[in-house]
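K.L.:
Based on what follows, work out the 3D shape:
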Amino acid sequence: MIPPEGAIIDWSAARRASYEITQSFRYEYPAPIRDLSHRLVVVPPERFGDQRRLRHRVSAGIDGVRLEDHQDRFGNLIVDAFAPRVSSAIEFLAEISVERCSTELNRLPAGWEQDAYLLEPTALTAADAAIDLAADELAESAAWGLDLADRINDWVYQSMTYKGGVTGVRTTASEALALGYGVCQDYAHIMLAVCRSAELPARYVSGHLVGQGGTHAWVEVVLPVHDGTGDAIAWAFDPTHASRGGLEYVTIAIGADYSDVAPTSGTYLSRVAGRLVTHKRVVLTDLEYAV
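P.N.:
Next up, the predicted model:
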């Protein structure tokens, strides 16, 4: 079933959803550039919990560009692009089809606890006195696990006001919290800092949220199952909306913080600066409700 445009969707009752995602990054230059080396993190892994990638295609729009795929240490699909010369513009286009099913949890196999990044602070998520204090107070008010994660999720939402243009990709969690303003990336970094200070394993997630214009960010808290297998479940939390992640979220990549999953980045040789124009479209192509 494809819901009519403008229809209100009850995501809590949805069982399966399919999406077509189109995302472009167009770089324009006032003069030719050379030795372009670019990194794209725009294609989701083949499988990620209940999410399955059905097809994908990445193109560069001009001749002479070499595209190479590889996986990083987090299992993300990285597309590297190399071009000896770009005369005036290059446009990277990603076309992706994915499906999600609510009946499956994002289960991580035994050995997940060896991923030290889940608890280690990074340059963007290092705790300061204010974050450590918040973590201590929240840990005293809720049991370790999902209860504490819910409490932290709500606390970040209440502590921040969404506002673009006041922070950047290098803004730390402590700086954003002190400002009291930021975007989804900042909310995620603050939640990661508090979780890790409270000894809750957590990771940064980059992806798309239906109805949102740009790339979205949220957090997964990784908790042991305690069923004798040593496995864990990665539970999605969105502090920007004080909610849990549902089928309306499409995961592209995970990491310790934003720097691991920046959708587009790279270098080139030239004395001129380029201009970036981006576009994204997420279309819901199928939806099934639980009977």
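K.L.:
now the strands for the stretch 151-291 of the chain?
P.N.:
161-162, 181-182, 202-209, 216-224, 232-238, 243-244, 249-255, 264-269, 275-289 (DSSP state E, counting those that start in this stretch).
K.L.:
need those strands in a markdown table with distance to residue 175 and mean neighbour count, can you?
P.N.:
Every C-beta, even on glycine, is put in place using the N, C-alpha and C of the backbone. Output for those, formatted as a markdown table (distance: least, Cβ to Cβ, whole Å; neighbours: other Cβ atoms under 10 Å):
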| stretch | distance to residue 175 | mean neighbour count |
| --- | --- | --- |
| strand 161-162 | 15 | 12 |
| strand 181-182 | 9 | 20 |
| strand 202-209 | 17 | 24 |
| strand 216-224 | 16 | 24 |
| strand 232-238 | 21 | 22 |
| strand 243-244 | 25 | 16 |
| strand 249-255 | 19 | 23 |
| strand 264-269 | 21 | 14 |
| strand 275-289 | 24 | 14 |
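K.L.:
show me what contacts the closest residue to residue 239 other than its chain neighbours?
P.N.:
Once flanking residues are discounted, residue 239 sits nearest to residue 156: 3.8 Å by Cβ to Cβ, 6 or more residues apart in numbering. By Cβ atoms under 8 Å, 6 or more residues apart in numbering, the residues touching residue 156 are 187, 190, 191, 194, 239.
K.L.:
Could you identify which of those has the most neighbours?
P.N.:
Ranked by neighbour count (other Cβ atoms under 10 Å), the contacts of residue 156 have residue 194 at the top, with 33 neighbours.
K.L.:
Tell me how many other residues surround the nearest residue to residue 267 once chain neighbours are set aside.
P.N.:
If the residues on either side of it in the chain are set aside, residue 267 comes closest to residue 37, at 5.3 Å by Cβ to Cβ, 6+ apart. Other residues near residue 37 come to 13 when the count uses other Cβ under 10 Å.
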